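> curious how this folds, go ahead:
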Amino acid sequence: MRVRVSCSFIALSIVGSLAAGCGIDTAAEPVTDAVPVVGVALDRSFPLNGGLVTNLESHGWPNRDHAMAMDPTVVEARRFYDTLQAPYAQPEQVDYPDPFTGLPSGPRATAPMTFEGWKTAFNIPPREPGESLEAYRARADVVVYYNKNELGLGRELGCAEFDDGVAGDGTQLTGVACYVTNYGTAFRDLVNSLPIAVEGLHAKNTVCITYRPSLPVDYQIQFYTYNGDGLRREWAQLDTLGPRPLPQVCMNCHGGSYDEERHLARHARFLPLDPNVVVFAPPGTPGGVTREAQEERIRKLNLLSTKSPLTPDQHVMLDKLYGGQLATANTKSATAWAPTLWSDSDEHRVLFDQVVKPYCWTCHAAMQTGANGKELAIYSLFESPTLLEAGLPSQLCNAFAMPNSQATRLNFWEPFDEPLTFTDNQTYTSPADLLLSSTGMTRAACGGLTMATNCNRGPDPDALCGNAFSGRACNRETGQCVPDLKAPRGPGEPNGVCKTDGSRSCPFPEKCEASGQPTTLALPGYDGLCIP
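You can find the predicted model right below:
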């Protein structure tokens, strides 16, 4: 296939150091079907430390108890929360010193300290005593799915409108709040993560977004995060590489930038849900969790998102997804859609449907405005085939800086569930191959690809696979990260490898237990397994 389009990615500040640090050259190398191993992700909005929070405690979470040892991002997140607060916020007891003055902790107005408090503040309907989970989700329009292409976790999504005060002219202000509770004992574990989400048990964390018209223009979209126990936190961990600071971690996909003077996110956006790029429970699954059973809930949640300041491209998505009938009750979403300029040929439609839509569109459609208030070049890259031109080698297949999330990048380079064959009888095994082919390229044109697909390089090969608390490591003999995140595992089966001396451990609260016998996860130098 020689569709004359290409994909342009604007250089990130990390690209130069990434290429140099990994020892990747730019010479063409033999074709390989392996996947690049890159120890950087979600660093667009916070490039320092690879986008990560440093100074971790013994269980791998950031230290938040000792001011001298805390990462500065923890203190800044507290300033953010104390500035953000919530509608009609009342003083409550906090567990940290005043982040502005350093005075001892005490009652003060801040963002809700618990997820339950957040739900109350933003009018999320409570589950009634004796109400079944299925009945509650139906009443509250809660949607359950597996987030395949972004985080690789099961998810529960709910939204509501809330009273955000009164405008200067006396009119009522109404905001929109949404939360997604993530489920899974390992990332990219479809076999277990979706059933856990369906059951609504053992939450990993919850991230929240609000549209508050009472806040200044450009600052009306803000974020919150809570851990699995429902306690407010200053970070979120969304892959094996480690925790990242709030709110910057959210803006990697929701767009915008962080204003360190006002201590608020700026120019961020809601992300409408395209049901075609996530995974639902298969037809016939009880509990009202199939796509068909949740179609009307998805429509209602997408309609709520339009009450926030979406970008024009996001409106295009919703218009095409619902055929212009988003506001009409019981309108079902289309199983395939494409912007008008991508609909001029079968090749373009398939390229958009199989590559651009699942791996590029959601985030880039939200990234309209830069810190200076001007439109970003990366925003319009995917509006039409002709706009995608320069930069493919540097960002996509030399530095491997895009897609800018671990799960998305891995899915992008890994094989399709079934090879994709075009009318010219050319078969493409992965989204990366299809996109490269659209410009007349193959993997052989990607500089350093062979080296990048082997984790046994650099001063710390294990760090390319995950941090010391991830349960992942580099097998020096094969050059592959262990375990394969996508490999199916049964309930209770080990999620990873560890060392019983504590030098490489497991995601909290999993336990590192001596393996005792060889397993499929056996790795030289590692004598333990991560047990859910």
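
> neighbours around Val166, how many?
A count of nearby residues for Val166, using other C-beta atoms under 10 Å, gives 11. Quick note: C-beta positions are derived from backbone N, CA and C, even for glycine.

> in contact with it, which residues are there?
Contacts here follow C-beta atoms under 8 Å, 6 or more residues apart in numbering; on that basis Val166 touches 172-173.

> so how far is Ala160 from it?
From Val166 across to Ala160, the span is 19 Å (C-beta to C-beta, to the nearest Å).

> can you list the strands that the host helix or strand of Val176 pairs with?
Secondary-structure assignment from DSSP states H and E places Val176 in strand 172-183. Each strand that pairs with strand 172-183, with its direction, by DSSP bridges: strand 153-166 (antiparallel), strand 203-211 (antiparallel).

> tell me the angle the helix or strand following the last one makes with strand 203-211.
Okay, so that is strand 203-211. Proceeding C-terminally, strand 203-211 gives way to strand 221-227 as the next helix or strand, assigned by DSSP H and E. Strand 221-227 runs at 160 degrees relative to strand 203-211, counting by axes from the mean of the first three to the mean of the last three C-alpha atoms, to 10 degrees.

> what's around the residue nearest to Gly496 when sequence neighbours are not counted, how many residues?
Taking C-beta to C-beta, 6 or more residues apart in numbering as the measure, Gly496 lies nearest to Gly471, with 2.4 Å between them; neighbours along the chain are not counted. Applying the criterion other C-beta under 10 Å, we find 30 residues in the vicinity of Gly471.

> surely Gly471 and Asn495 touch.
Yes - applying C-beta atoms under 8 Å, one finds Gly471 in contact with Asn495, separated by 5.7 Å.

> show me where the stretch 251-400 of the chain has helices.
With DSSP state H, counting those that start in this stretch as the definition, the stretch 251-400 of the chain shows helices at residue ranges 291-305, 312-321, 346-351, 362-364.

> what of the stretch 51-200 of the chain?
72-84, 115-121, 133-140, 190-199.

> what's the closest of the ones you listed to Gln325?
helix 133-140 (22.2 Å; C-beta to C-beta).

> hmm, who's touching that closest one?
Applying C-beta under 8 Å, 6+ apart, the external contacts of helix 133-140 come out as 124-125, 127-128, 131, 142-144, 158, 160, 200, 286-289, 297.

> which among those end up buried?
Buried residues within the contacts of helix 133-140, defined by neighbour count using 16 or more other C-beta atoms under 10 Å: 124, 127, 142-144, 158, 160, 200, 287-289, 297.

> what's the weakest-modelled helix or strand in the protein?
Of all the helices and strands that make up the chain, the one with the lowest confidence by mean pLDDT, DSSP states H and E is helix 15-22; it has a mean of 29.

> coming back round to it: of all the helices of the stretch 51-200 of the chain, which one is nearest Gly51?
The minimum distance between Gly51 and these falls on helix 72-84, with 10.2 Å, by C-beta to C-beta.

> remind me what the closest one packs against, helices and strands.
Using 3 or more C-beta pairs under 8 Å, 6 or more residues apart in numbering; DSSP states H and E, the elements in contact with helix 72-84 are strand 221-227, strand 235-237, strand 243-245, strand 264-266.

> distance from the chain centre to the third one, please.
When distances are taken as C-alpha atoms, centre = their mean, to the nearest Å, strand 243-245 is centred 12 Å away from the chain's centroid.

> ok, back up a step: select, out of the helices and strands packed on helix 72-84, the one closest to Cys455.
Put simply, out of the helices and strands packed on helix 72-84 the one that sits nearest Cys455 is strand 235-237, at 20.3 Å, with distance taken as C-beta to C-beta.

> so where is the stretch 201-350 of the chain shaky, pLDDT-wise?
Counting by pLDDT under 70, the stretch 201-350 of the chain contains no low-confidence residues.

> can you give the contact residues for stretch 274-288?
Residues outside stretch 274-288 that contact it (C-beta under 8 Å, 6+ apart): 133-134, 137-138, 144-149, 155, 190, 194, 198, 289-292, 294-295, 298, 317, 321, 333-337, 357-358, 362.

> which among those residues end up buried?
For the contacts of stretch 274-288, burial is judged from neighbour counts taken by 16+ other C-beta under 10 Å, and it is met by 133-134, 137-138, 144-149, 155, 190, 194, 198, 289-291, 294-295, 298, 317, 321, 333, 337, 357-358, 362.

> between all of the contacts of helix 133-140, which two are separated the most?
Checked with C-beta to C-beta, those reach their widest spread between Ala160 and Pro286, with 25.8 Å between them.

> on that earlier part again, which secondary structure state does the residue nearest to Gly496 sit in?
Secondary structure assignment for Gly471 (DSSP: H, G, I helix; E, B strand; the rest coil): coil.

> that one: what's it in contact with?
Going by C-beta under 8 Å, 6+ apart, the list of residues near Gly471 reads 186, 240, 483, 495-498, 505-507, 510, 530.

> want to throw the residues you listed into JSON lines with neighbour count?
Supplementary listing: the contacts of Gly471 in JSON lines, determined by neighbours: other C-beta atoms under 10 Å:
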{"residue": "Ala186", "neighbour count": "27"}
{"residue": "Thr240", "neighbour count": "24"}
{"residue": "Pro483", "neighbour count": "25"}
{"residue": "Asn495", "neighbour count": "26"}
{"residue": "Gly496", "neighbour count": "30"}
{"residue": "Val497", "neighbour count": "28"}
{"residue": "Cys498", "neighbour count": "33"}
{"residue": "Ser505", "neighbour count": "24"}
{"residue": "Cys506", "neighbour count": "27"}
{"residue": "Pro507", "neighbour count": "24"}
{"residue": "Glu510", "neighbour count": "20"}
{"residue": "Cys530", "neighbour count": "23"}
